[in-house]
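Visitor: Mind looking at a prediction? Sequence and model below.
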Amino acid sequence: MVYSYYPGCTLKAKAKKLDRYARDCAQIFEIELEEIEDWQCCGGVYPGMADELATRLSPVRALREAGDKKQDLVTVCSACHHVLKRVNEDVKTSGEIRRKINAYLEPENGYEGETKVIHYLELLRDRIGFDRIREKVKQPLNGKKIAPYYGCLLLRPYEVMNFDDPENPSIMEEFLLAIGAKPVHYALKNECCGGYVTMEDEEFASKKSSSIMEAAMDRGAEGMITACPLCKYNLENGGLKDGIPVYYFTELFAEALGVKEQEEET
Amino acid sequence: MREEILWISGVNPLKCMKCGKCTASCPAFEKMEYHPHQFVEMVQNNHITPLLESESQYYCMSCLVCEERCPRGVKPQKLIEAVQVLKLRASEGNRLKPQDVANRLDPSLPQQALMAAFRKYSR
């Protein structure tokens, strides 16, 4: 099965593990992630104002390419997923945005929001299935206690993201169980890590992220997983003494499937 | 100004029933002079200048918990963002300048942080 794939800028630079292991693991399930040609940065944050058109163009270009190939579009980074899915919804539901964006792009090749955007975790849950994943695990994580960290962008707003219960999600817990880890239940799994506010007030963002990690550690977590490079950065930058490691979920996936390489890069 | 905020945000502040769930849930509460429910009320009452003069909106992390928990579907974050956007469009200078980030460019800082911050804090 071939899916269109949108990696995003951070996955090509600082978050290569998130990208590479996502592709390697997909191959085990005979899924090919076909990268969008000449994709452009999604913009990092959703341009939510009604008159922001230019900032919606790069997501639409990627969405349209997947649509032309009649493929669903898979994302891994939480931020890219959020932006692509919400801009797609705008094109689908707002006649004015759809008309103006199509007039700017190529009116003869109109895009109306027909592409389905799915996050890699949804690919695992809904297309592959956690039972099949369990069968392919070669090196289970032996009950390692891992705290799933969802953050904001995958879950909210539920009305558009439709990803999981926004107040009590469970997809990462199911994933952790499938790879043999023990999910840690803690209160702050869907609290904000501080996000881009780290560039405005680093100390404040650190306070947010360290309280999340502390909550996970209080419940015995030995590590945390995330799908978002900025969450990972903030959690690691929280300044906690004896902080626990933060992994991309794809890293642990690759470890469990036995495709993780020994030599590491960033 | 009020009409422009309402148009670009798409928010109808009259739907608010002042339950305060948005502000109670806001992770940036302690840093804000005006809180999410006040943005809704002050925009509705055309009391916008104090919002523009305050720095409250720079602490909004767009986590959308206010939107998710609002029982009336008001979307306070969109109003906060609209105030920030209009302020940036009207002002000469940007909140975040490239030289401001030079000391933060350590090997671990993801591109996403820069991209998002420049989108939020600059024109």
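Guide: On my side now, so go ahead.
Visitor: From now on I want contacts and neighbour counts done on CA atoms only, so please keep to that.
Guide: OK.
Visitor: Which of the three states applies to the closest residue to A:Gln40 other than its chain neighbours?
Guide: With CA to CA, 6 or more residues apart in numbering or on different chains as the criterion, A:Gln40 has its nearest non-adjacent residue at 5.7 Å, and that residue is A:Ser58. Following DSSP: H, G, I helix; E, B strand; the rest coil, the label given to A:Ser58 is helix.
Visitor: wait, A:Ser58 sits on A:Tyr46?
Guide: No. Using CA atoms under 8 Å, A:Ser58 makes no contact with A:Tyr46, being 11.6 Å away.
Visitor: and these two? which has more neighbours close in?
Guide: Higher neighbour count among A:Ser58 and A:Tyr46: A:Tyr46, with 24 against 18, using other CA atoms under 10 Å in any protein chain shown.
Visitor: Doesn't that one belong to a helix?
Guide: No. With three-state DSSP as the criterion, A:Tyr46 is coil rather than part of a helix.
Visitor: Tell me who's in contact with the residue lying closest to A:Gly8 once chain neighbours are set aside.
Guide: In this structure, A:Gly8 finds its nearest non-sequential neighbour in A:Cys41, 5.9 Å apart by CA to CA, 6+ apart. Residues in contact with A:Cys41 (CA atoms under 8 Å, 6 or more residues apart in numbering or on different chains) are A:Gly8, A:Cys9, A:Ser58, A:Pro59.
Visitor: Turn those into JSON lines, columns for pLDDT.
Guide: As requested, the contacts of A:Cys41 are exported to JSON lines (pLDDT from 0 to 100):
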{"residue": "A:Gly8", "pLDDT": "96"}
{"residue": "A:Cys9", "pLDDT": "94"}
{"residue": "A:Ser58", "pLDDT": "95"}
{"residue": "A:Pro59", "pLDDT": "97"}
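Visitor: From chain B, how far out is the residue nearest to A:Gln40?
Guide: Separation of A:Ser58 from chain B (CA to the nearest CA, to the nearest Å) stands at 14 Å.
Visitor: isn't B:Val65 right up against B:Ala28?
Guide: No. Using CA under 8 Å, B:Val65 is not in contact with B:Ala28; the gap is 11.0 Å.
Visitor: And these two? Which one has more around it.
Guide: Between B:Val65 and B:Ala28, B:Val65 has the larger neighbour count (other CA under 10 Å), namely 28 against 23.
Visitor: list the contacts for the more buried one?
Guide: Per CA under 8 Å, 6+ apart, neighbours of B:Val65: A:Cys152, A:Arg156, B:Cys22, B:Ser25, B:Cys26.
Visitor: Alongside chain B, which residues does chain A contribute?
Guide: Chain A comes close to chain B at residues A:9-10, A:13-15, A:43-45, A:48-51, A:152-153, A:156-158, A:166, A:191-192, A:194-200, A:208, A:229-230, A:233, as judged by CA under 8 Å from any CA of the partner chain.
Visitor: Provide a list of residues in contact with the spatially most central residue of chain B.
Guide: By CA atoms, centre = their mean, the mean C-alpha position of chain B lies nearest to B:Ile80, the distance being 3.1 Å. B:Ile80 makes contacts with B:Pro36, B:Phe39, B:Gln57, B:Cys60, as judged by CA under 8 Å, 6+ apart.
Visitor: farthest pair in the residues you listed?
Guide: Spatially, the most separated pair among the contacts of B:Ile80 is B:Phe39 and B:Cys60, at 11.8 Å (CA to CA).
Visitor: Tell me the secondary structure of the residue in chain B sticking out farthest from the centre, please.
Guide: Within chain B, the residue lying farthest from the chain centre (CA atoms, centre = their mean) is B:Pro107, at 29.0 Å. With three-state DSSP as the basis, B:Pro107 sits in coil.
Visitor: now the longest helix along chain B: mean pLDDT?
Guide: Of all segments of type helix in chain B, defined using DSSP state H, the longest is helix B:76-90. Averaged over helix B:76-90, pLDDT sits at 95.
Visitor: Check what contacts the helix or strand just after it and list those residues.
Guide: Going down the chain from helix B:76-90, the next helix or strand is helix B:111-121, by DSSP states H and E. If you take CA under 8 Å, 6+ apart as the criterion, helix B:111-121 is touched by A:9-10, A:13-14, A:43-45, A:195-200, A:229-230, B:58, B:88, B:94-96.
Visitor: go on, stretch A:82-94?
Guide: The contact list for stretch A:82-94 (CA under 8 Å, 6+ apart) reads A:42-47, A:56, A:59-60, A:63, A:97-98, A:111-115, A:117, A:153-154, A:160-161.
Visitor: do that again at 6 Å, thanks
Guide: A:Tyr46, A:Pro59, A:Ile97, A:Arg98, A:Glu112, A:Gly113, A:Val117, A:Leu153 (CA atoms under 6 Å, 6 or more residues apart in numbering or on different chains).
Visitor: pLDDT wise, what is the first one at?
Guide: The one in question is A:Tyr46. 98.
Visitor: and it, what does it touch?
Guide: Neighbours of A:Tyr46 in contact, by CA under 6 Å, 6+ apart: A:Val83.
Visitor: mind redoing it with 10 Å?
Guide: Neighbour list for A:Tyr46: A:55-56, A:59, A:79-87, A:153, B:62, B:116, B:119-120 [criterion: CA atoms under 10 Å, 6 or more residues apart in numbering or on different chains].
Visitor: Over to the fourth one?
Guide: Residues near A:Arg98 by CA under 10 Å, 6+ apart: A:Leu53, A:Val60, A:Asn88, A:Asp90, A:Val91, A:Lys92, A:Tyr104, A:Gly110, A:Tyr111, A:Glu112, A:Gly113.
Visitor: B:Lys15 - how many residues pack around it?
Guide: The number of residues packed near B:Lys15 is 12, by other CA under 10 Å.
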